[in-house]
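Visitor: A predicted structure for the sequence below; I have some questions about it.
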Amino acid sequence: MDSDIFVVMGVSGCGKSTVGAQLAAALSLPFLEGDVLHPERNVVRMAAGFALSDEDREGWLQTLADRIRQSHADGQGLVLSCSALKRSYRDILRSGAPGLRFVYLHGEYALLAQRMAARTGHYMPLSLLDSQLNTLEIPGMDENVQSFDVASQPEDIVAAVLVNLREARSQAS
């Protein structure tokens, strides 16, 4: 089985879960929704409209890095959704698998806000979008990242990731 590990990242409302699930299905890999591993305290804070600090995120990021590390050790691929807003957060995730691939989803504020306002059953309030955008450190090209505007359809983003993966594999062989 292939051992490619992807983190689909970006601020709330960018479509991490949708793109991540579709990418995982296309690659026949497990999909892990990173939000489900947040400690209850973090969920309560965010639901109440409080932005998480680096300290709040530390344990959660270590948990995700452990899952990545286990997949890597098992030679098992994985697709994980995680905001991964700062380079330091991505470094923690990368500690689990040095070849980690990032799929960075970004978009116009109005579109992100519209998506957040339209979704139901999610604890992240629209009021935290500004905080996430202010925290975001756009990934550098040295971070093994592919970047996509979320105005594109999720299936088009997934198709582009697959093309890039095929090209990377053919160059490596």
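Guide: Yes, it's here. Residues are numbered from 1 along each chain as shown.
Visitor: next one: whichever helix or strand Ala159 is part of to chain centre, how far?
Guide: Following DSSP states H and E, the helix or strand that holds Ala159 is helix 154-172. On the basis of C-alpha atoms, centre = their mean, to the nearest Å, helix 154-172 sits 17 Å off its chain's mean C-alpha point.
Visitor: Next secondary structure after the helix or strand of the chain with the lowest mean pLDDT?
Guide: Every helix and strand of the chain was ranked by mean pLDDT, DSSP states H and E. The lowest is helix 40-47, at a mean of 75. Sequence-wise, the next helix or strand downstream of helix 40-47 (DSSP H and E) is helix 54-74.
Visitor: Name the strands paired with the very next helix or strand once past that following helix and say parallel or antiparallel.
Guide: Downstream of helix 54-74, the first helix or strand assigned by DSSP H and E is strand 78-81. Its sheet considered, strand 78-81 pairs with strand 5-9 (parallel), strand 31-33 (parallel) by DSSP bridges.
Visitor: quick one: which of those is nearest Leu78?
Guide: Judged by C-beta to C-beta, the one of these that comes nearest to Leu78 is strand 5-9, at 4.8 Å. (Glycine included, C-beta is placed from N, CA and C.)
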